[in-house]
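Participant: Structure for the following, please:
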Amino acid sequence: MHGTTIVAVRKDGMTAIAGDGQVTFGQTILKTKAVKVRRLEVGQGVLVGFAGSVADSLTLLEKFEAALKEAKGQLVRAAVETAKLWRTDRVLRHLEALLIAADRETLLLISGGGEVITPDEPVLAVGSGGTYALAAAKALLRHTSLSAREIAEEALRIAAEIDLYTSGTVTVLTLGGEA
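Facilitator: Model prediction:
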C-alpha cells in the first residue's frame, strides 16, 4: 500500500489516530494534505483511518459506518460484519485497503482477508510507512511520558523521515482524556 501511513495509539484513557496526507500516483505525489482519518459520531465515538486506494477505502469506510450504526456503536461487532461482507461480496473482495478503527477501549485492524485484529499492545499502524510508525510508536509508548496524541504524531513524523510515500503532513484525532 503506497501513499499513506496511519497510526493509532491508546494511553492513559486517550485514543489517538493520526494519518499523513500524501496521495501518490505511481512515482508522483499528487497531494500532501488529504485527510485519511475520520471521526464517526456513533455511540461514544469511533475513530477510523484508512490506507490503500482512496476510492476503495471510502467505499469500505461507508460499509463500516453502516455496520456500526446497525450494531448500535458496538465496534467489534461492526468490524466483524464489515470483514465478513468485505470477504464474501463479489465486488468488495477486490478492494485494496486496510482500516484501523478505534473507540475509547479498543483498537482494531480490519482487512479484506476477513481479519479483525486486536493488537497485543495498544498500538496499530498500516500503510506504506506502517512498520516504521509502529516501531516508533512502540518505542515512544514504552520509553517516554508522551500522550497518545503526541506519540501518534511523532511516530508518523519519524515514518515520514524514512518512507518515501509518507508525507510530514499529519492529521490527528483523539477520543477521551485531554484533547
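Participant: May I see the buried residues of the lowest-mean-pLDDT helix or strand in the chain?
Facilitator: Among the helices and strands of the chain, strand 23-25 carries the lowest confidence by mean pLDDT, DSSP states H and E, at a mean of 81. Residues 23-24 are the ones in strand 23-25 that count as buried (16 or more other Cβ atoms under 10 Å). For every residue, glycine as well, the C-beta is placed using N, CA and C.
Participant: residues in contact with that strand?
Facilitator: 2-4, 29-32, 34, 54, 165 (Cβ atoms under 8 Å, 6 or more residues apart in numbering).
Participant: Among the residues you listed, which lie within strands?
Facilitator: Using DSSP state E, the subset of the contacts of strand 23-25 located in strands is 29-31.
Participant: thinking again about what came up before, reformat the contacts of strand 23-25 as TSV; add neighbour count, distance to Asp103 and pLDDT.
Facilitator: Below are the contacts of strand 23-25 laid out as TSV (neighbours: other Cβ atoms under 10 Å; distance: Cβ to Cβ, whole Å; pLDDT from 0 to 100):
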residue	neighbour count	distance to Asp103	pLDDT
His2	18	29	53
Gly3	25	26	66
Thr4	31	22	84
Ile29	13	33	84
Leu30	11	32	84
Lys31	14	29	85
Thr32	13	29	83
Ala34	17	24	85
Val54	16	24	77
Tyr165	21	28	86
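Participant: Include distance to Arg142 when you put those into a markdown table, please.
Facilitator: Formatted as a markdown table, the contacts of strand 23-25 follow (distance: Cβ to Cβ, whole Å):
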| residue | distance to Arg142 |
| --- | --- |
| His2 | 29 |
| Gly3 | 29 |
| Thr4 | 25 |
| Ile29 | 33 |
| Leu30 | 36 |
| Lys31 | 34 |
| Thr32 | 30 |
| Ala34 | 31 |
| Val54 | 33 |
| Tyr165 | 26 |
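Participant: what's the longest helix anywhere in the chain packed up against?
Facilitator: Determined from DSSP state H, the single longest helix within the chain is helix 54-70. Secondary-structure packing of helix 54-70 (3 or more Cβ pairs under 8 Å, 6 or more residues apart in numbering; DSSP states H and E): strand 37-40, strand 46-52, helix 75-88, strand 97-102.
Participant: how about a cut-off of 10 Å?
Facilitator: strand 37-40, strand 46-52, helix 75-88, strand 97-102, strand 107-111 (3 or more Cβ pairs under 10 Å, 6 or more residues apart in numbering; DSSP states H and E).
Participant: Strand partners (parallel or antiparallel) of the fourth one?
Facilitator: Based on DSSP bridges, the pairing partners of strand 97-102 within the sheet are strand 46-52 (antiparallel), strand 107-111 (antiparallel).
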